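Chemist: Need a 3D model of the sequence below.
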Amino acid sequence: MGGRLVNLDVFGLNSQMSPDENRLVKKRDLRNLLTSYADEADVFTEIIQNALDAIRTASEIGIYKDESPKITIFLGRRNNESHYFAVQDNGIGMSPETAAKFTAPGFSSLKKMGKTVGYKGVGASFFFAASNRISFRTVDPTGTVSAAGIIGSLQWVLNDTSPLPIVTGDFDAPQAVIDRNSDRHGTAVVYYFDPAWKPSSLTYVVRKEDDANLEIEHWAFFLCCRTSLGRTQVLNGIDVEVEFVLDKGDGDVHSATWRTGDWSPQERKLGYPFPHKVLKVAHSVRDIENTPDHSKTKHNRKYQAVRELFTKDQILGLDPKIDFTPEEDAFIEEHLDFVEIFFAYSTDILKEINIRSGCRAAPIRYGIKLSVDGVPQGRFLDFDLTSNQGLGRQAHCVMGFSRLELDVGRKIPANEAVTEVVRKIGVRMMTVVGEFRWAMRIKDRPDIATDLSNWLLSVENRSKQSIVRHLFKLAESPSPLEVDPDSENDVIYLFGAMIAKQFLKGYRVRALSGSARYDGLLDINHSESTDSYSDPLSRRDAENTVDGLGKVLEFKYAFSALIDDFESKKKNPREIDVAVVWTLPTLGVNRGSIEYCYADKEDVRPIYGGTHIWRDENDTSRIPIICLQHVCALLSKSLESKEGKPGFGTGVYEKFLEEDRDQSI
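Modeler: Purely as a prediction, here's the structure:
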């Protein structure tokens, strides 16, 4: 049946919106764009990708005749100032017409020419919307210079009542960037971090080091794991020079030059840090498999890890064949480049890689990493194993594809059919490497006598600098431990002793180990004695407090172990009321976030003696943390202050506070 024809405005293409309506639509779109990017590396990813795209285009049109492709990456970790991240390239640059559209959502002149990597096509919208202070300067091949700065864009996007962003014609750059900026073709973008958006500082991502070259190496590792610098394939044969500039402020600037290639910090080469290139401990599965049967015993229990690289043809030719559908076979023929898997005898191997990386989260972790057109993309995908699921935590797999469309924000397959191909390949790869567990080492327990003597020696060494013993000595009380804890049992014992001594008030342990899942139940009674403002550990935030009987208590030596329990679904963060630990990650956690609640932030302390608060993603749950190491330092500093003699405790306290503030810049 028909009806009266209406003047349908299809997708709003013909509408004449008022300026206010247009601003509301743009704000909504930008807010959606921001929230679709959920990873702390996204800002770095987009800016660096733009620079490499511009260099590739410049190379293809023959610009590099008397110069080489170069990118300069500025790491502005300045004390008491906003941190900044800047990237300068000597690529194609932008004409004034293109520069005017630089921040328009969906606009990408390079995408129209098929020159971008990853097919995101969001232009510079994301990183311009994610900062309240950002600017760029660009020079096109004719020498025409365009520049602009934007102030207040993040505030405008996130808040309904904030004024419109202010646009200036200035290149708002620190001196270190200006000193290296030139009038030759290329673009420079300076992004200032903001507390309202993560990451809020450079220290939030990578550890601060006294050795500038070591800190730059950590940044090279992080950026190679998460951005286009860490290519799994060569960029069309283009060799790019990358200068890292660490700007500590007040003229304290350090630089180091690296080049693209295969990952090698010794040679200062940038590429994807495959685990076997970082630790150099893996042996080829194919080499073991091709060893004659009479000689195979030489591989028995020998290796810390095994690895193998599979081509597309080898994946399709596996025996027995993977049960691909005809459509999946066709997809693999068109898009799959390679599959590389690394399988370690212990999860400790992958942990060691990340300890060496100097990064706050684990940039190299277990699971499946997708590489599209040679560029690592998005978060890791889990192996979909129906049995022996723990094996998946020992394996790192990279799958390389060409011309694959990914979800714009999360950088994972947008098509369920692609996800199914990745799942099937991942399961088979685990089967392949799992068959070589006989060649992997077993964690051997040391000789009993040696173990005992080493333990006694370590205890003697640890007793020389113990904040626990120092606190109890200041309080003129026998110390429950002569050393600082190095196990969960030590933490439990110390917590009980501090309650008995009334260092921690308002707590009574109801029961321990009564649950198969959690460590104990805690009765919490906040009263006038726990809320005194003269007490350095007093509760200050009564609105978000935890009070009452039978609250779920969890002990850990290191808080990161509790995050591992959340990730493996051994424990549910929503069921835990209080966590008591000895140490916290010095660089944050790879799930949720931690904020401190002492010193200048003590007004948000929700429980007596609470030193930190962990919040899960999207603030779905929060857990107050009593970090006993911090409690000992806080109380020691307080007692030393009363005596007018700042000492060891004050020094430990100031060290902890500096680390926590660095993460909160």
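
Chemist: Low-confidence bits of the stretch 401-550 of the chain, can you list those?
Modeler: Scanning the stretch 401-550 of the chain for pLDDT under 70 picks out 406-414, 443-451, 514-515.

Chemist: Give me the below-cutoff pLDDT ranges for this protein.
Modeler: Using pLDDT under 70, the flagged stretches of the chain are 1-15, 37-38, 105-123, 234-237, 406-414, 443-451, 514-515, 586-588, 664-665.

Chemist: what's around the residue nearest to A212 when sequence neighbours are not counted, how many residues?
Modeler: Nearest residue to A212, sequence neighbours excluded (CB to CB, 6 or more residues apart in numbering): H254, at 3.6 Å. Using the backbone N, CA and C atoms, a C-beta is placed for each residue, glycine as well. Using other CB atoms under 10 Å, H254 is surrounded by 15 other residues.

Chemist: And stretch 137-146, end to end?
Modeler: The straight-line separation of the ends of stretch 137-146 (CA to CA, to the nearest Å) is 6 Å.

Chemist: ranges for the helices of the stretch 301-450 of the chain?
Modeler: With helices called from DSSP state H, counting those that start in this stretch, the stretch 301-450 of the chain shows them at 312-316, 326-335, 347-357, 416-434, 448-462.

Chemist: helices and strands around the shortest one, which ones?
Modeler: Think helix 312-316. Other helices and strands packing on helix 312-316, by 3 or more CB pairs under 8 Å, 6 or more residues apart in numbering; DSSP states H and E, are helix 326-335, strand 336-344.

Chemist: report the angle between the axes of the last one and helix 347-357?
Modeler: Here the directions of strand 336-344 and helix 347-357 differ by 100 degrees (axes from the mean of the first three to the mean of the last three CA atoms, to 10 degrees).

Chemist: contacts for strand 336-344?
Modeler: With contact meaning CB atoms under 8 Å, 6 or more residues apart in numbering, strand 336-344 is reached by 232-233, 274-276, 282, 304-312, 315, 350, 371, 391, 394-402, 421, 425, 429-430, 432-434, 436, 440.

Chemist: ok, that strand: who's next to it in the sheet?
Modeler: Note on strand 336-344: by DSSP bridges, its sheet partners are strand 305-311 (antiparallel), strand 395-401 (antiparallel).

Chemist: picking up where we left off before, now that we have the contacts of strand 336-344, which of them are buried?
Modeler: Among these, the ones that count as buried by 16 or more other CB atoms under 10 Å are 232, 274-276, 282, 304-310, 312, 315, 350, 371, 391, 394-401, 421, 425, 429-430, 432-433, 436, 440.

Chemist: buried stuff in the helix or strand hosting F74?
Modeler: Element membership for F74, per DSSP states H and E: strand 70-76. Neighbour counts over strand 70-76 (16+ other CB under 10 Å) mark K70, I71, T72, I73, F74, L75, G76 as buried.

Chemist: which residues touch the closest residue to P478 other than its chain neighbours?
Modeler: Spatial nearest neighbour of P478, excluding adjacent residues (CB to CB, 6+ apart): F472 at 6.7 Å. With contact set as CB under 8 Å, 6+ apart, F472 has these partners: P478, S479, P480, K501.

Chemist: Look at the third one and tell me its secondary structure.
Modeler: For P480, the secondary-structure state derived from DSSP: H, G, I helix; E, B strand; the rest coil is coil.

Chemist: what about it, how many residues close to it?
Modeler: Neighbours around P480, by other CB under 10 Å: 16.

Chemist: For the strands paired with strand 336-344, give me a markdown table that also has distance to G169.
Modeler: Listed next are these as a markdown table, based on distance: least, CB to CB, whole Å:
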| stretch | distance to G169 |
| --- | --- |
| strand 305-311 | 51 |
| strand 395-401 | 42 |
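
Chemist: just so I know, which of these lies nearest Y84?
Modeler: Proximity to Y84, assessed across the strands paired with strand 336-344 by CB to CB, is greatest for strand 395-401 (31.4 Å).

Chemist: got the contact list for the closest one?
Modeler: With CB under 8 Å, 6+ apart, strand 395-401 has contacts from 232-233, 272, 274-275, 335-344, 350, 364-374, 376, 383, 422, 425-426, 429-430, 433.

Chemist: same thing with stretch 176-190?
Modeler: Here stretch 176-190 makes contact (CB under 8 Å, 6+ apart) with 47, 50-51, 54, 58, 63, 67, 72, 74, 76, 84-94, 124, 127, 134-141, 143, 145, 171-174, 245, 247, 253.

Chemist: mind listing what's buried in that stretch?
Modeler: Quick answer for stretch 176-190 (16+ other CB under 10 Å): A176, V177, R180, N181, H185, G186, T187, A188, V189, V190.

Chemist: Report the two of these separated the most.
Modeler: For the buried residues of stretch 176-190, the farthest-apart pair by CB to CB is A176 and H185; their separation is 21.2 Å.

Chemist: thinking again about what came up before, the strand holding F74 packs against which elements?
Modeler: Packed against strand 70-76 by the contact rule (3+ CB pairs under 8 Å, 6+ apart) you find helix 42-60, strand 84-89, helix 175-180, helix 212-226, strand 241-247.

Chemist: Pick the most deeply packed of those.
Modeler: Per residue and on average, the most neighbours among those fall to strand 84-89, with a mean of 25 (mean count of other CB atoms under 10 Å).

Chemist: report the angle between the axes of it and helix 42-60?
Modeler: Counting by the same axes, to 10 degrees, strand 84-89 lies at 10 degrees to helix 42-60.

Chemist: The helix or strand just after strand 84-89 packs against which elements?
Modeler: Once the chain leaves strand 84-89, the next helix or strand it forms, by DSSP H and E, is helix 96-100. In terms of contacts (3+ CB pairs under 8 Å, 6+ apart), helix 96-100 is packed against strand 145-151.

Chemist: Report the separation between the closest residue to N525 other than its chain neighbours and S638.
Modeler: Excluding the flanking residues, the one nearest N525 by CB to CB, 6+ apart is G506, at 5.0 Å. Note on G506: its distance to S638, by CB to CB, to the nearest Å, is 18 Å.

Chemist: Please apply the same query to S371.
Modeler: Applying CB to CB to S371 and S638 gives a distance of 53 Å.

Chemist: of the helices of the stretch 301-450 of the chain, which approaches L30 most closely?
Modeler: Here helix 416-434 is closest among the helices of the stretch 301-450 of the chain (CB to CB), at 28.1 Å.

Chemist: orientation of that closest one relative to strand 305-311 in degrees?
Modeler: Angle of helix 416-434 versus strand 305-311, following the same axes, to 10 degrees, is 130 degrees.

Chemist: what does helix 416-434 contact?
Modeler: The contact list for helix 416-434 (CB under 8 Å, 6+ apart) reads 285, 306, 308, 310, 315, 318, 322-324, 327-328, 331-332, 336, 339, 341, 343, 368, 370, 381, 383-385, 388, 391-392, 395, 397, 399, 404, 412-413.

Chemist: just stretch 253-272 next, same as before
Modeler: Residues contacting stretch 253-272 (CB under 8 Å, 6+ apart): 176, 212-213, 216-217, 220-221, 223-225, 229-232, 234-235, 238-248, 273-274, 277-278, 371, 376, 398.

Chemist: and with 6 Å instead?
Modeler: Residues outside stretch 253-272 that contact it (CB atoms under 6 Å, 6 or more residues apart in numbering): 176, 212-213, 216-217, 224, 229-232, 240-247, 273, 277, 376.

Chemist: what do you get for stretch 538-547?
Modeler: By CB under 6 Å, 6+ apart, stretch 538-547 touches 524, 526, 530-532, 577, 602-608.
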